[in-house]
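Undergrad: Take a look and give me a structure for this.
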Amino acid sequence: MRKRTEVLVASVVAGVVTFLGVRVLTASPSTRPELRGCGEHAGLVVAGGTDVSAGGQRRTLVQGWRGAGGERASLVEVGTSSDEQRSQLAAAEEARSCAYDVLILDAPWVAEFAQRGFLDHVDPAWVADADGVFPAVYQAGAWKGTQYAVPWNTDAGLLYARKGTPAPANWRDLLATGYASQLADYEGLTVNALEVLWNTEGLVLTGAVDKVSVETAAGIILPGLRQLAANRAAGDSRSYKEAETLGAFVGGDTTSNRRWDLMRHWPYAFRNLTADPRVHGAFGVGPLPGPGYSVLGGQYLAVSRFSKHAAEAGRLVRELTGVRSEQRLFACGGFAATRQAAFEDPNCQGASKDPDVPTAAELASFAATLKTALRTAHPRPVTPYYEQFSETFRQCVLNVLDGHAPSAKTVADALNTALTGHRSDCSPAEK
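TA: This next block holds a predicted model:
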């Protein structure tokens, strides 16, 4: 099949791309759309974060699509961290660029992008069997009762343990034992802090959140963050994102020379660990310890309101989120599926020839673990101002980790300001 070489062109779009700071991170010419005017192009462009699926399954699915008229699709990677991805996509949509037809959105971004008028409503024809999607996962793609995004893969926090490591009886035992987690100053810190808070003090700052009381900050939020600070691994994990956490679990922390036997991570880590000869067969994975509350994560596909190819984009979304695609993303790529049916045939084509691919039995066991974790997963605060909330909440967390905890009133005031869409300060008052 003839491979069409696609290149970025200069002129108007070059100025728009430079202004927005949108960067195509992949070097292959086949990942770069041909842009004209506002960014109009032949074929479809799917934009999102780095494809971390094993074997690049996401990219394979996107590039394997063919439209009714033979249209093709390409995947553009706009950032490595979730914070960078959100800002790049939001900047493009704010400029009303039609460069991207389908956006890959993290779950908490849907409300913001919908509220700002960046997304088309989901046409029922764009979803193959919506009833087959886990209800809570599907609902996370809606805002104010209207569906704006279709789940592509879901996520829940899991606990990985080196073989022979005793399973913590509860969350406080886990904190006392210590575990590697994602505590660098990015979205992963918000996720990990919320999970500690939920499991030690009770569910708060989840779902629809409009206001935080001083009493909640004093009685739940600050005690929960102090529990996070007491984690024996908290100091070592302060520089960790997902990749660093995996490295510390597999080969040890190169700075502290300590190898962690427990790790909090996302489902895709299972596929990475299975493929790593240093730990293959020497680790286990289960839901987070009791009460087992996890952040509900995952990525969603949404059609940009500024796309010139909305109908075709909707058909692409339907194919990418169907059972067959989801089964491939789970069995071959390591992503948690959003549909029960995708877990029922845990086989990756070529698995018998590739020792890096988990066996059907391993995948079936992992599927059961995922379904258990998803039953107790909860969304982060649902608000169009999630970016401001997360940044402010992280500042509160960092101050507690640094031993400079703000007052309950400071925490409540800061979070309430953020929930109105304004920047806020969670620093303790100077004495």
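
Undergrad: Report the residue spans of this protein with pLDDT below the cut-off.
TA: Along the chain, the model assigns pLDDT under 70 to residues 1-37, 254-257, 349-355, 430-431.

Undergrad: repeat that for 80
TA: For the chain, the stretches with pLDDT under 80 are 1-40, 252-259, 346-347, 349-357, 429-431.

Undergrad: and the longest strand along it, what does it pack onto?
TA: Longest strand of the chain, by residue count under DSSP state E: strand 294-303. Secondary-structure packing of strand 294-303 (3 or more CB pairs under 8 Å, 6 or more residues apart in numbering; DSSP states H and E): strand 102-106, helix 110-115, helix 135-139, strand 150-156, helix 187-201, helix 310-320, strand 377-378. The way it works is simple: take the backbone N, C-alpha and C, and place the C-beta from them, glycine included.

Undergrad: Dump the ones you listed to TSV, plus distance to residue 388.
TA: Output for these, formatted as TSV (distance: least, CB to CB, whole Å):
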stretch	distance to residue 388
strand 102-106	16
helix 110-115	10
helix 135-139	23
strand 150-156	23
helix 187-201	12
helix 310-320	29
strand 377-378	20
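
Undergrad: Which of the residues in stretch 191-209 are classified as buried?
TA: 191-201, 204-206, 209 (16 or more other CB atoms under 10 Å).

Undergrad: Among the helices and strands packed on strand 294-303, which comes closest to residue 360?
TA: strand 150-156 (19.9 Å; CB to CB).

Undergrad: could you point out which element follows that closest one?
TA: Under the assignment DSSP states H and E, the closest C-terminal helix or strand after strand 150-156 is strand 158-162.

Undergrad: Contacts made by that following strand with the rest, please.
TA: By CB atoms under 8 Å, 6 or more residues apart in numbering, the residues outside strand 158-162 that reach it are 167-168, 174, 179, 249, 261-267, 269-270, 273, 279, 282-289, 294, 369-370, 373.

Undergrad: could you check the angle strand 294-303 makes with that strand?
TA: For strand 158-162 against strand 294-303, the angle by axes from the mean of the first three to the mean of the last three CA atoms, to 10 degrees is 120 degrees.

Undergrad: Pull the distance from strand 158-162 to the chain's centre.
TA: Offset of strand 158-162 from its chain centre (CA atoms, centre = their mean, to the nearest Å): 19 Å.

Undergrad: Please save the CA atoms from that strand in CSV.
TA: In CSV, the C-alpha atoms belonging to strand 158-162 read as follows (Å, rounded to 0.1, in the frame of the first residue of the first chain):
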residue,chain,number,x,y,z
LEU,A,158,-3.7,-0.7,41.4
LEU,A,159,-1.2,-2.0,43.8
TYR,A,160,1.7,-4.0,42.4
ALA,A,161,3.8,-6.1,44.8
ARG,A,162,7.0,-8.0,44.3
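
Undergrad: what pairs with that strand, and is each one parallel or antiparallel?
TA: strand 262-265 (antiparallel), strand 283-287 (antiparallel) (DSSP bridges).

Undergrad: Give me the buried positions along the last one.
TA: In this case it means strand 283-287. 283, 285, 287.

Undergrad: so who does the residue lying closest to the last one once chain neighbours are set aside touch?
TA: Distance criterion CB to CB, 6 or more residues apart in numbering; nearest residue to residue 287, sequence neighbours excluded, is residue 373 at 4.3 Å. Taking CB under 8 Å, 6+ apart as the contact definition, residue 373 lies against 156, 157, 158, 287, 288, 292, 294.
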